[in-house]
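Undergrad: Got a sequence here, can you build the structure:
(chains A, B, C and D)
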There are 2 protein chains.
Amino acid sequence: MQREKIVVIEDESDILELIQYNLKREGYSVLTSTNGEEGLDLVRRENPDLVLLDLMLPGRDGIEVCKRLKSDPVSRNIPIVMVTAKGEESEVVLGLGVGADDYVTKPFSPKELMARVNAVLRRGQLKDEQGEGERIVRDKIVIDAARHEVTVDGDPVTFTATEFRLLHFLAAHPGRVFKRDQLLNRVIGEDAFVHDRNIDVHVRSIRKKLNRRRDVIETIRGVGYRFRDRQGAPV
Amino acid sequence: MQREKIVVIEDESDILELIQYNLKREGYSVLTSTNGEEGLDLVRRENPDLVLLDLMLPGRDGIEVCKRLKSDPVSRNIPIVMVTAKGEESEVVLGLGVGADDYVTKPFSPKELMARVNAVLRRGQLKDEQGEGERIVRDKIVIDAARHEVTVDGDPVTFTATEFRLLHFLAAHPGRVFKRDQLLNRVIGEDAFVHDRNIDVHVRSIRKKLNRRRDVIETIRGVGYRFRDRQGAPV
DNA sequence: CGGGCTTTTAACACGATCTTCATAATCAGC
DNA sequence: GCTGATTATGAAGATCGTGTTAAAAGCCCG
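TA: Modelled structure (predicted):
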């Protein structure tokens, strides 16, 4: 059984140590950072199973960090547990508002912390197991998000991470047209500084892999792309 | 809250019971049939929200049932979840080919089954919601911005990007007259350095494509164009 | 640091679309 | 009906958007 990786972002060193000690004792692999920017990088690099995040980092950018993590498709699915000082109720709301999955309020007992962490992780696993993670089936194309797997006409096809996200996103909203910059935001990242036409190239490789089904991705000239749906909407 | 109605077509009585038990426990209203022909009638009579269909009904007509349901406009929009035995991969493909919306493979856990059923039902709802948003319907012309699609008298018509924007803009402000330069600004671009008369040409191609409904775009001599306000000839 | 993979950029060609222009049709006022 | 102005039409050239390819730039793992 592999140990779950947890990133802790917390500026108060004594609290950080406390958390780290307890997590390690439970068998988790722990990585830490004491400021937001660095923590952000850490998460992106390490792709942990969970993030413990102090809401009140210096410069109060804990929320900012959370927002950034949740807006990036790559890190969106990593659960985040907020650590907040007591009485910061409004802050908690804010934290949950930007996508945090749970929170603990200082001062907290190690027990409580562990309970939260375990609960959130278990929640995620459960989701995976029962396949609640979306499976999209359209036109003989099966897109299994939980397993990160695609089959076309029954044959498994491998997609790279970006290709998969793009295909998945389009297929999740069939019939709907998306402009290139919209796709960039949703698939590559909020603040991605990449050229629009990049999408074209990804679309091309996706189509190539979709092979016979390549035309489920339709080009709307002058606008963008969309996933075909044959069902005519009743007026 | 009304309970969603689900029809289950499955010949193995123990599996049928299992499914029925679980669905009922989740609060669904369940109707069952153990053969294809009867099941077909049941669906038509009851118009359920979802159909659970065994792929391998005696006489292997599960696929046939699916095909029939999907080809009938009345039942086409009812989502179908296929129930298949493991290793019937090719059958799954077949099932998907005839329009099934998802599938579960035997043996399945009740949890998994429920997850699928819930997911498919949720998916359907979502679709309805967002489809209703950015749509303009006037006379027998439907302009769907999200899909970038237009239907005239029910027939889909393709418009180029500029044509679409022009038509959409006019239709969004029915009865109001716009001068050519106003239309240029709104449709082509603020700083477009194009001749006024260009609009005429676009209007022409739009009218051409609108065919029988061409005169919803009225010419106001000496001023510009407008989308007709009052109903024209019905049908 | 090197090697394989993925992502991004750049460049070209082709076709679709936009724009212009010349001409025909229409309109309004006399 | 005639006349000048305005709009519709058709066709030709200019422009733009996309598909495609190849190569550069990142990235990860050992």
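
Undergrad: who's in contact with residue A:15?
TA: Neighbouring residues of residue A:15 by CB atoms under 8 Å, 6 or more residues apart in numbering or on different chains: A:54, A:83, A:106. Heads up, the C-betas are built off the backbone N, CA and C, glycines and all.

Undergrad: Relative to residue A:123, which of those is nearest.
TA: Distance to residue A:123 across these (CB to CB) is lowest for residue A:83, with 18.2 Å.

Undergrad: Can you check the pLDDT for the closest residue to the closest one other than its chain neighbours?
TA: Spatial nearest neighbour of residue A:83, chain neighbours left out: residue A:54 (4.8 Å); criterion: CB to CB, 6 or more residues apart in numbering or on different chains. At residue A:54, the model reports a pLDDT of 86.

Undergrad: And residue A:128, by the same measure?
TA: Predicted confidence (pLDDT) for residue A:128: 52.

Undergrad: Which ones among the contacts of residue A:15 map onto strands?
TA: A:54, A:83, A:106 (DSSP state E).

Undergrad: Nearest to DNA strand D: which residue in chain A?
TA: Of all residues in chain A, residue A:219 sits closest to DNA strand D, at 3.6 Å by CB to the nearest atom of the strand.

Undergrad: show me what contacts that residue?
TA: With contacts defined as CB under 8 Å, 6+ apart, residue A:219 is in contact with A:203, A:225.

Undergrad: go again using 10 Å as the cut-off
TA: A:177, A:200, A:203, A:207, A:225-226 (CB atoms under 10 Å, 6 or more residues apart in numbering or on different chains).

Undergrad: ok, now residue A:208?
TA: For residue A:208, counting by CB under 10 Å, 6+ apart, the contacting residues are A:163, A:214.

Undergrad: Could you tell me the backbone phi and psi angles at it?
TA: phi -60, psi -50 (degrees, to the nearest 10).

Undergrad: now swap in residue A:202 and tell me
TA: The phi/psi pair for residue A:202 (degrees, to the nearest 10) is phi -60, psi -40.

Undergrad: I'd like the distance between the residue lying closest to it once chain neighbours are set aside and residue A:150.
TA: In space, not counting the residues next to it along the chain, residue A:202 is nearest to residue A:166; the distance is 5.3 Å by CB to CB, 6+ apart. Residue A:166 sits 12 Å away from residue A:150, going by CB to CB, to the nearest Å.

Undergrad: so what sits against both of the two?
TA: Counting by CB under 10 Å, 6+ apart, the residues touching both residue A:166 and residue A:150 are A:159, A:206.

Undergrad: Secondary structure class of the residue nearest the centre of chain A, three-state.
TA: Nearest to the geometric centre of chain A sits residue A:76, at 1.8 Å (CA atoms, centre = their mean). Classification of residue A:76 using DSSP: H, G, I helix; E, B strand; the rest coil returns coil.

Undergrad: Repeat that for residue A:168.
TA: Residue A:168 is classified as helix under three-state DSSP.

Undergrad: Wait, it touches residue A:146, no?
TA: No: between residue A:168 and residue A:146 there is no contact under CB atoms under 10 Å: 11.2 Å.

Undergrad: Look at those two and report which has more neighbours.
TA: Counted by other CB atoms under 10 Å in any protein chain shown, residue A:168 and residue A:146 do not tie: residue A:168 has more neighbours, with 20 against 14.

Undergrad: who touches the longest helix along chain A?
TA: When chain A is parsed with DSSP state H, its longest helix is helix A:110-129. Under the contact criterion CB under 10 Å, 6+ apart, helix A:110-129 has outside partners A:4, A:6, A:18-19, A:21-23, A:25-26, A:28, A:49-50, A:52, A:77-83, A:100-105, A:108-109, A:132-133, A:146-147, B:109, B:111-112, B:115.

Undergrad: joint contacts of residue A:168 and residue A:146?
TA: With CB under 10 Å, 6+ apart as the test, residue A:168 and residue A:146 both reach residue A:134.

Undergrad: hmm, back to that, ok, of the ones in strands among the contacts of residue A:15, which come out buried?
TA: By neighbour count, with 16 or more other CB atoms under 10 Å in any protein chain shown, these hold A:54, A:83 as buried.

Undergrad: Columns distance to DNA strand C on top of the ones in strands among the contacts of residue A:15, output as CSV?
TA: Shown next, in CSV, are these (distance: CB to the nearest atom of the strand, whole Å):
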residue, distance to DNA strand C
A:54, 30
A:83, 32
A:106, 38
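
Undergrad: Turn the ones in strands among the contacts of residue A:15 into a markdown table, columns for distance to residue A:63.
TA: A markdown table is the format used below for the ones in strands among the contacts of residue A:15 (distance: CB to CB, whole Å):
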| residue | distance to residue A:63 |
| --- | --- |
| A:54 | 11 |
| A:83 | 12 |
| A:106 | 16 |
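
Undergrad: for the ones in strands among the contacts of residue A:15, which one is nearest chain B?
TA: Nearest to chain B among those is residue A:83, at 31.8 Å by CB to the nearest CB.

Undergrad: my read: the closest one touches residue A:66, true?
TA: No: the criterion here is CB under 10 Å, and residue A:83 misses it with residue A:66 at 11.4 Å.

Undergrad: In chain A, what residue lies closest to chain B?
TA: Counting by CB to the nearest CB, chain A gets nearest chain B through residue A:222, at 2.8 Å.

Undergrad: Now do residue A:197, the pLDDT please.
TA: Confidence score, pLDDT, at residue A:197: 93.

Undergrad: Might you enumerate the residues of chain A proximal to DNA strand D?
TA: Contacts of chain A with DNA strand D, taken as CB under 7 Å from any atom of the strand, map to A:45, A:197, A:200-201, A:203-204, A:207, A:219-224.

Undergrad: make it 10 Å
TA: Neighbours of DNA strand D within chain A, by CB under 10 Å from any atom of the strand: A:44-47, A:74, A:179-180, A:196-205, A:207-208, A:214-215, A:217-225.

Undergrad: if you look at those residues, which of them are in strands?
TA: Filtering the residues of chain A next to DNA strand D for strands - DSSP E - leaves A:179, A:217-220, A:224-225.

Undergrad: Report the buried members of these.
TA: Buried members of these, counted by 16+ other CB under 10 Å: A:179, A:217-218, A:220, A:224-225.

Undergrad: distance of residue A:180 from residue B:185?
TA: 24 Å.

Undergrad: More neighbours: which of these two?
TA: The neighbour comparison of residue A:180 against residue B:185 (other CB under 10 Å) goes to residue A:180, with 17 against 14.

Undergrad: In this structure that one contacts residue A:198, no?
TA: Yes: the pair residue A:180 / residue A:198 is scored as a contact, 8.3 Å apart, by CB under 10 Å.

Undergrad: Make JSON lines out of the buried ones among the ones in strands among the residues of chain A next to DNA strand D and add pLDDT and distance to DNA strand C.
TA: Formatted as JSON lines, these follow (pLDDT from 0 to 100; distance: CB to the nearest atom of the strand, whole Å):
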{"residue": "A:179", "pLDDT": "95", "distance to DNA strand C": "15"}
{"residue": "A:217", "pLDDT": "97", "distance to DNA strand C": "16"}
{"residue": "A:218", "pLDDT": "97", "distance to DNA strand C": "12"}
{"residue": "A:220", "pLDDT": "97", "distance to DNA strand C": "9"}
{"residue": "A:224", "pLDDT": "97", "distance to DNA strand C": "13"}
{"residue": "A:225", "pLDDT": "98", "distance to DNA strand C": "14"}
